[in-house]
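Undergrad: structure for this input, please:
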Amino acid sequence: MTLCTTILVAQERHLGNDSASTLFTESPFAHGYMHGYEAGFHFGDLDLQLGREPRDPAVIAEFKRDGFQNYFGSKSSYKFGYHDGFRAGYSDATHELPFRAIVNLRQAAEGLTVKSLVRPFDDGFRDGYSHGRRKGGEDGRVAPQANPINPPCLGLPDEYCSGFARGFTIGYRDGFNNQSRRQPTRNVEVSSAK
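TA: Sure thing, here's the model as predicted:
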């Protein structure tokens, strides 16, 4: 790492001493999600406080200003995470739910160690998030409470499966909360299918 890159990383608060920093290092998607969630929650809260009707987050100028830096890793993965996080944060704020992203991402980071194979982990996290959000949305429309079951990950690299399971948990919570206006699922335990 060059001196300039080291200084930039030190200035990025999510890559510092936070317990989720390993997750953000391993997954540009998760890192983008955190930045997007913060921005989306901020703009959703502004709309709520100013008495505006909720709107499509994609029309908000900040939705396109993701703050990507080259040292974050894959630009496309970061942007996907940023946009998904922005939508989730905006929805939570406009529905008067608590800010939950950092707690959820810290839980997702538990037990994670830095690996040299970032891409498979990040691909798994992104795919898991997408599957979890879809399943959580389906459950949120019909189920009285969250019932997440993380699907098995058979025959795929361990790094991918680890990322998938962690991303599924975050995505399921977002999908369920978006479709259900019951209590937020921030403390729901996700179990793996056997």
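
Undergrad: nearest residue to the middle of the chain?
TA: In the chain, the residue lying closest to the centroid (Cα atoms, centre = their mean) is Y33, at 4.3 Å.

Undergrad: residues touching that residue, list them.
TA: Y33 makes contacts with G81, Y82, D84, G85, A88, A101, L105, Y129, I170, as judged by Cβ atoms under 8 Å, 6 or more residues apart in numbering. Using the backbone N, CA and C atoms, a C-beta is placed for each residue, glycine as well.

Undergrad: let me know the closest of those residues to F63.
TA: Y82 (8.5 Å; Cβ to Cβ).

Undergrad: distance check, the closest one against M34.
TA: 9 Å (Cβ to Cβ, to the nearest Å).

Undergrad: before we move on, what about R55?
TA: To M34, R55 is 22 Å away according to Cβ to Cβ.

Undergrad: between those two, which one's more packed in?
TA: M34 (24 against 13; other Cβ atoms under 10 Å).

Undergrad: the more buried one contacts A20, doesn't it?
TA: Yes. Between M34 and A20 there is a contact under Cβ atoms under 8 Å: 7.4 Å.

Undergrad: F99 in helix, strand or coil?
TA: Three-state call for F99 (DSSP: H, G, I helix; E, B strand; the rest coil): coil.

Undergrad: ok, which stretches of the protein are helices?
TA: 3-11, 21-26, 28-49, 61-64, 75-94, 101-109, 118-142, 158-179 (DSSP state H).

Undergrad: buried residues in the fifth one?
TA: Okay, so that is helix 75-94. Under the neighbour-count criterion of 16 or more other Cβ atoms under 10 Å, helix 75-94 has 77-94 buried.
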